[in-house]
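Engineer: Sequence isn't available, so here's the structure alone:
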């Protein structure tokens, strides 16, 4: 079936950790962003079975009425020039809309994304560090749709989704531009399960205490995935997510 479904979503996803520029200690240093917000707009298309689902996400207007559950964190450990990082997000959306036939379309969209990676400081200049990053990203998505209250000449429900893995490589630049203030830029590209995936963010971090910092910035990510199946198990998605982000890092 071809049916336009307006999916309004709240995307909470990962950002780069903002640990200090200098890390010459022989001890491990850690940072944790336990729950930060990425207020993203999502634009793209999904194919589920024989149906096409244009995606239209508006963070500002419809977030609270469609977000059912969310959990996310980003963890980072650094010892001298070696960096290890991990992140996870789990989001469930339950948007609904009416049809021209008088029925209701109820959609459940579950999205999980995890990331494991390693980085290394390859260069230092004044108050700036240059880092290379590499890792693997796991994405799992499930979409179910049910149409009720209207007699229709086609199936009124579908459920599909998939899980895939992408490797990625990229870099990160950290620069201390004022006392307690730091600018962090990250970018990476990859693929594997996806035909292509890209991710970039620009963040300003304020270290208000030794144990904590607040950050805000902008993040964008896009990916194109198709599981290559032609039956009811087909799942494909091509989206771009972008918007402001903010959160708190805890350091120890």
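Structural biologist: Sure thing, it's come through. Since the model is a prediction, treat every value here as computed from it, not as a measurement. Numbers count the residues shown, from 1 in each chain.
Engineer: Output the below-cut-off pLDDT ranges for the stretch 151-252 of the chain.
Structural biologist: Counting by pLDDT under 70, the ranges of the stretch 151-252 of the chain that qualify are 151-158.
Engineer: Tell me where it has helices.
Structural biologist: Ranges of helices in the stretch 151-252 of the chain, per DSSP state H, counting those that start in this stretch: none exist.
Engineer: Strands along that one, start to end?
Structural biologist: Under the criterion DSSP state E, counting those that start in this stretch, the stretch 151-252 of the chain carries strands at the ranges 157-178, 181-192, 196-209, 212-226, 235-251.
Engineer: if we compare those strands, which one ends up closest to residue 45?
Structural biologist: Residue 45 lies closest to strand 235-251 among the strands of the stretch 151-252 of the chain, at 5.6 Å (C-beta to C-beta). (C-beta placed from N, C-alpha, C; glycine too.)
Engineer: Strand partners (parallel or antiparallel) of that closest one?
Structural biologist: Taking DSSP bridges as the criterion, strand 235-251 forms sheet pairs with strand 29-33 (antiparallel), strand 37-38 (antiparallel), strand 41-48 (antiparallel), strand 212-226 (antiparallel).
Engineer: contacting residues for residue 231?
Structural biologist: By C-beta atoms under 8 Å, 6 or more residues apart in numbering, the contact list for residue 231 reads residue 49.
Engineer: cool, residue 213 as well?
Structural biologist: By C-beta under 8 Å, 6+ apart, the residues touching residue 213 are 18, 205, 206, 207, 248, 249, 251.
Engineer: Those residues: which two are farthest apart?
Structural biologist: Farthest apart among these by C-beta to C-beta are 206 and 251. That separation is 12.6 Å.
Engineer: the more surrounded of these two?
Structural biologist: Using other C-beta atoms under 10 Å as the criterion, residue 206 and residue 251 rank with residue 251 on top: 18 against 14.
Engineer: So for the nearest residue to that one once chain neighbours are set aside, what's the pLDDT?
Structural biologist: Spatially, and ignoring its direct neighbours in sequence, residue 251 is nearest to residue 31 (5.0 Å; C-beta to C-beta, 6 or more residues apart in numbering). Looking at residue 31, its pLDDT stands at 95.
Engineer: hey, what's residue 31 bridged with?
Structural biologist: Residue 31 forms beta bridges with residue 76, residue 251, as assigned by DSSP bridges.
Engineer: For it, give its distance to residue 83.
Structural biologist: Remark: distance between residue 31 and residue 83 (C-beta to C-beta, to the nearest Å) = 11 Å.
Engineer: Which neighbours do those two have in common?
Structural biologist: Residues touching both residue 31 and residue 83 (C-beta under 8 Å, 6+ apart): residue 76.
Engineer: With distance to residue 44 as extra columns, can I get the strands of the stretch 151-252 of the chain in TSV?
Structural biologist: Below are the strands of the stretch 151-252 of the chain laid out as TSV (distance: least, C-beta to C-beta, whole Å):
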stretch	distance to residue 44
strand 157-178	16
strand 181-192	17
strand 196-209	13
strand 212-226	8
strand 235-251	3
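Engineer: Residue 234 - how many residues pack around it?
Structural biologist: By other C-beta under 10 Å, neighbour count at residue 234 equals 17.
Engineer: swap in the one 10 residues further on?
Structural biologist: Applying the criterion other C-beta under 10 Å, we find 13 residues in the vicinity of residue 244.
Engineer: I'd say it and residue 220 touch.
Structural biologist: No. Residue 244 lies out of contact with residue 220 (C-beta atoms under 8 Å); the separation is 10.7 Å.
Engineer: separation between the closest residue to residue 195 other than its chain neighbours and residue 49?
Structural biologist: Among residues not flanking residue 195 along the chain, residue 224 sits closest, at 4.6 Å (C-beta to C-beta, 6+ apart). Residue 224 sits 19 Å away from residue 49, going by C-beta to C-beta.
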